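*Asks:* here you go, sequence then predicted model.
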Amino acid sequence: MHTGRWWRAAFSVLALVSSVVVLSLVFSADLGPDVRPASPRIPPQPPPSPALIDPTTIAVVSDDFWLTYLPAGLDRTGGGDVASGTAGGWARFGTGDRTVEAQVEHGTVAADWETYRKRAVVRRARETTVRGKPAVVGAHPDGGRMIVWLERAGTGAWIRVSEPLANELLAIAASVKAPVRD
């Protein structure tokens, strides 16, 4: 009676060991070059030119809000405290007809998304998100493209770009760093 149990246990151990050996051989085997057909719909894209992207860019908007990406060749042309009497800051970067403006506001003006959304005038507004946060994107009344979002309760932000930089708007907004203060 005990003999049958011993054989079953030995067979189970043998099966386990052989499975481990086979799996380790499969995963360590060199199966040659990875040959996959290229997608006919999406041609491979070359990496961006280093001249177009400077990964070390840090553009400060206020002491707790900055951009880690700006299109190449933009210089800071203005900035300071928000003039509306609320806490926050703004900055402008540009050369010629290529401009980026950014603003961050703190306090009750950005208490929640509904309150902050009403503050921004965005034409042809379309709902979207910025790093998972509620946002709207559209046309600025004075020209260019604009995105407005609630960074967190009590902190709202917007970025406006001139038409030549319209394709860069979402990349700039996605680059925002705004650490939470205790």
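*Replies:* The structure has been received and is ready for your questions.
*Asks:* show the average pLDDT along stretch 22-40.
*Replies:* The average pLDDT for stretch 22-40 rounds to 56.
*Asks:* over to stretch 164-173?
*Replies:* Mean per-residue pLDDT for stretch 164-173: 92.
*Asks:* swap in stretch 130-139?
*Replies:* Mean pLDDT, stretch 130-139: 91.
*Asks:* what lies in contact with it?
*Replies:* Here stretch 130-139 makes contact (CB atoms under 8 Å, 6 or more residues apart in numbering) with 113, 117, 120, 122-129, 145-152, 169-170, 173-174, 176. In short, each C-beta sits where N, CA and C put it, glycine included.
*Asks:* among the residues you listed, which ones are buried?
*Replies:* By neighbour count, with 16 or more other CB atoms under 10 Å, the contacts of stretch 130-139 hold 113, 117, 120, 122, 125, 145-151, 169-170, 173, 176 as buried.
*Asks:* take these and keep only those in helices.
*Replies:* If you go by DSSP state H, those have 113, 117, 169, 170, 173 in helices.
*Asks:* my read: the second one touches residue 148, true?
*Replies:* Read that as residue 117. Yes. Using CB atoms under 8 Å, residue 117 is in contact with residue 148, at 7.0 Å.
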